[in-house]
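Novice: need a 3D model of the following:
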Amino acid sequence: MGRILVERDVEAAVRGGSVYAAGGGGWADHGRMLGRAAVSIGRPELVDVSELSPDDWVATAAAIGAPASTTPWEMRGVDYVRAVELLQDALGEKVAALMVGQNGKSSTLNGWLPSAILGLKVLDAVGDIRAHPTGDMGSIGMAGSPEPMIQTAAGGNRAENRYIELVTRGATAKVSPILRTAADQSGGFIASCRNPLRASYVAANAALGGIGRALALGEAMLAAEARGGHAVLDAIAAATGGTFLAEAEVSEKSVVYTAEAFDVGTVRLGRGAGALTLHVMNEYMAVDDADGRRVATFPDVLTTLSPDGEALSVGQLEVGMPVFLLHVPKALLPLSSSVKDPAVYPVVEAALGIPIAAHALAP
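Specialist: Next up, the predicted model:
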């Protein structure tokens, strides 16, 4: 049976989602706003894909943009609802459930409010257990498909007349960049609903149980909080099966916002022979040692945390700040068909100038 999401689940989703955010994944306060509004206004229900009919429509509720940026973004809860309405209008049928493209500080909760308002289910499935830079990476195998998809977006900075509503149809790889351009024009961050697919397809291609994992991780973090930061860090490692690659200060940070609405660059932890370099495209996509050897690569989870156990986004990091670097290997994670799709990697490799696919696609 489904699980009615309630007030205490909001903070758990934000905390657990923050770890899976891998340095990106939205804003914690934005996630709390979405979650609290949802549980106040309705009874959002988290369901397993087995509780849907195979022919039910499932769409992905997502936020698009570069949340570490300093751009004038504005996104309201109603924007997520509007994006779903636009998609249902274009589809001509009602969507049964919403999944999300990824976990994150707010993205774990992206489907809660529209589900509560429109009477849909929140599906316990994600396009990727961790946060990632492109919509294609959470498109559960549709990135290379020629099949026309519907993608919508709504939101923007009202004071600067940047509010946009957008409905696009076409192959996922061709329309996803259009939504990213809309995010940039809107102020850097926009709500979307995309890729309506049958539940049977989602069951075979999504990372199932991804929201439940974020909730369980968040609950473990909250339970450990009274015992201090190291107890929280231990709880994160125990819940995820991950290990800490480093405890070091941020020694360098070079990240820039691009016209494609990505934050791209590097963050260095420590100095000398023990230094590690994190490659950033909104999120942490890879880490190299001081000799340039690869230590870990997407879709592994890579997350920076404060000594208090707070997951820190790229935008929060400052030179001199002490951090712990968590690594959860992909072997411990449910992986969607998206992250096994070679079509999603060229744009990331071009932006970062490093190989990703060879590592990500290796057995």
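Novice: can you pull out the helices in the stretch 1-150 of the chain?
Specialist: Ranges of helices in the stretch 1-150 of the chain, per DSSP state H, counting those that start in this stretch, are 7-20, 28-41, 77-91, 112-118.
Novice: can you put these in JSON lines and add mean neighbour count, distance to Glu349 and mean pLDDT?
Specialist: Where C-beta positions appear, they are placed from N, C-alpha and C, glycine not excepted. Formatted as JSON lines, those follow (neighbours: other CB atoms under 10 Å; distance: least, CB to CB, whole Å; pLDDT from 0 to 100):
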{"stretch": "helix 7-20", "mean neighbour count": "25", "distance to Glu349": "23", "mean pLDDT": "98"}
{"stretch": "helix 28-41", "mean neighbour count": "20", "distance to Glu349": "30", "mean pLDDT": "95"}
{"stretch": "helix 77-91", "mean neighbour count": "21", "distance to Glu349": "30", "mean pLDDT": "97"}
{"stretch": "helix 112-118", "mean neighbour count": "26", "distance to Glu349": "34", "mean pLDDT": "97"}
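Novice: so can I have CSV of the ones you listed showing distance to Gly141?
Specialist: Below are those laid out as CSV (distance: least, CB to CB, whole Å):
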stretch, distance to Gly141
helix 7-20, 20
helix 28-41, 27
helix 77-91, 19
helix 112-118, 23
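Novice: for Gly270, find the nearest of those helices.
Specialist: Gly270 sits nearest to helix 7-20 of all the helices of the stretch 1-150 of the chain, at 21.2 Å, using CB to CB.
Novice: list of residues touching that closest one?
Specialist: In this structure, residues lying in contact with helix 7-20 by CB atoms under 8 Å, 6 or more residues apart in numbering are 25, 28, 31-32, 35-36, 39, 102-109, 129-131, 211, 213-219, 221-222, 236, 240, 301, 303, 305, 310-311, 326.
Novice: just the buried members of those?
Specialist: Applying 16 or more other CB atoms under 10 Å to those, the neighbour count classes 25, 28, 31-32, 35-36, 39, 102-109, 129-131, 211, 213-215, 217-219, 221-222, 236, 240, 301, 303, 305, 310-311, 326 as buried.
Novice: can you show me the helices along the stretch 201-350 of the chain?
Specialist: 210-224, 229-240, 346-352.
Novice: got the buried residues for the last one?
Specialist: Of the residues in helix 346-352, those buried under the neighbour-count criterion (16+ other CB under 10 Å) are Val347, Val348, Ala351, Leu352.
Novice: how close does the closest residue in space to the first one that isn't next to it in sequence get to Thr172?
Specialist: Taking CB to CB, 6 or more residues apart in numbering as the measure, Val347 lies nearest to Thr134, with 6.2 Å between them; neighbours along the chain are not counted. Look at Thr134 and Thr172: by CB to CB, to the nearest Å, they are 10 Å apart.
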